[in-house]
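S.K.: Sequence and predicted structure below; questions after.
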There are 2 protein chains.
Amino acid sequence: MSSTHTHSKKSQSLTKNQKIVLNLLQNSGEALKAYSILDSLKKEGLKSPLQIYRALDKLVELGKIHKIESRNSFIVCNNSNCASNTVFAICERCGNVKEIKNSDLSEGVKELVKKNRMNVTRYNLEFFVLCKSCKTN
Amino acid sequence: MSSTHTHSKKSQSLTKNQKIVLNLLQNSGEALKAYSILDSLKKEGLKSPLQIYRALDKLVELGKIHKIESRNSFIVCNNSNCASNTVFAICERCGNVKEIKNSDLSEGVKELVKKNRMNVTRYNLEFFVLCKSCKTN
DNA sequence: CACCTTTATGTTATATTATTACATATGTAA
DNA sequence: TTACATATGTAATAATATAACATAAAGGTG
């Protein structure tokens, strides 16, 4: 389970489209959907879904962003070590997504992996929560 | 984190479509996609996607089946207590999905939840693995 | 540099996954 | 029975994602 990877040197050499998409995600600060990204980037000259998806795929591969599987959305990586193992808290009321550092999980995960004799590449954990803001309202 | 639910009484009163879909999933023993289920059930008279999705939604809600979010597929619940917290091992090579009992995880999860002061409804954990069969081949 | 290979781009078309809308029917409970 | 919630059938369409193909730019090696 040492499947973490640091941001590669290549991360400095992102292509034009990759930079544009990453930039949008960084500035938005929230999870965005591919077609919403496309809408936002029409003015930058990106006009086909595939241009977005290709950039997203690459950024996911590099660990710069993550896909929120249960929502088909993408969020910038907020984890200093850029682990391929991801943990998110997703508010079921407002949809807000927050990435969680996963260190506390490692013992339990190790146990589970050992007990099930799994050959794990990576994992993704999604918590469905009621976020603070939604709880108080 | 006591978010487990047992199969309700209502589970015996599944509707016709729900029974048909559940039955297919039980017999197949693997994760199936909605439109593949639809194809298989044309002979049973189910002919629209919505009939499938409605049955799937209900079965998920009842905890009889689970959705594999990263694959958009559905698998019958293999967990005796039918927890709403789910753990899967998904083979990246052959796509095979296996549900894992999650007891070993609870301590780590509790820690993580406490530390992040989360209000957790449920969680879903997906391990991406190389399964035994694929490992030996 | 010249050559080759890999990776990215642009574009069109299409595949896959999922929901809206609306009319009708069925189950359940007072 | 009436009322209400839940399920069904059907058609249309929305949302998400990929295939295929031509071209271009980047990176390595002689």
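M.R.: Cool, the structure landed.
S.K.: The helix or strand harbouring A:Tyr53 and DNA strand D, are they touching?
M.R.: For A:Tyr53, the host element (DSSP states H and E) is helix A:49-62. Yes. Using Cβ under 7 Å from any atom of the strand, we find that helix A:49-62 touches DNA strand D at A:Pro49, A:Leu50, A:Tyr53, A:Asp57. Glycine gets a C-beta too; all of them are placed from N, C-alpha and C.
S.K.: Please report phi then psi for A:Ile100.
M.R.: phi -110, psi 140 (degrees, to the nearest 10).
S.K.: likewise the one 10 residues further on?
M.R.: A:Lys110 has phi and psi values of phi -60, psi -40 when expressed as degrees, to the nearest 10.
S.K.: burial measure for it, as a count.
M.R.: When neighbours are counted by other Cβ atoms under 10 Å in any protein chain shown, A:Lys110 registers 14.
S.K.: And it, how close does it get to A:Asn85?
M.R.: Per Cβ to Cβ, to the nearest Å, A:Lys110 is found 12 Å from A:Asn85.
S.K.: And for A:Tyr123?
M.R.: A:Tyr123 sits 5 Å away from A:Asn85, taking Cβ to Cβ as the criterion.
S.K.: more neighbours, the two?
M.R.: A:Tyr123 (27 against 21).
S.K.: What residues does that one make contact with?
M.R.: When the contact criterion is Cβ atoms under 8 Å, 6 or more residues apart in numbering or on different chains, the partners of A:Tyr123 are A:Asn85, A:Thr86, A:Val109, B:Leu125, B:Glu126, B:Phe127, B:Phe128.
S.K.: element containing it?
M.R.: A:Tyr123 belongs to strand A:120-129 when elements are defined using DSSP H and E.
S.K.: roughly how far is the helix or strand bottoming out on mean pLDDT in chain A from the heart of the chain?
M.R.: Counting by mean pLDDT, DSSP states H and E, the weakest-scoring helix or strand in chain A turns out to be helix A:106-115, with a mean of 78. A distance of 23 Å separates the C-alpha centroid of helix A:106-115 from that of its chain, computed with Cα atoms, centre = their mean, to the nearest Å.
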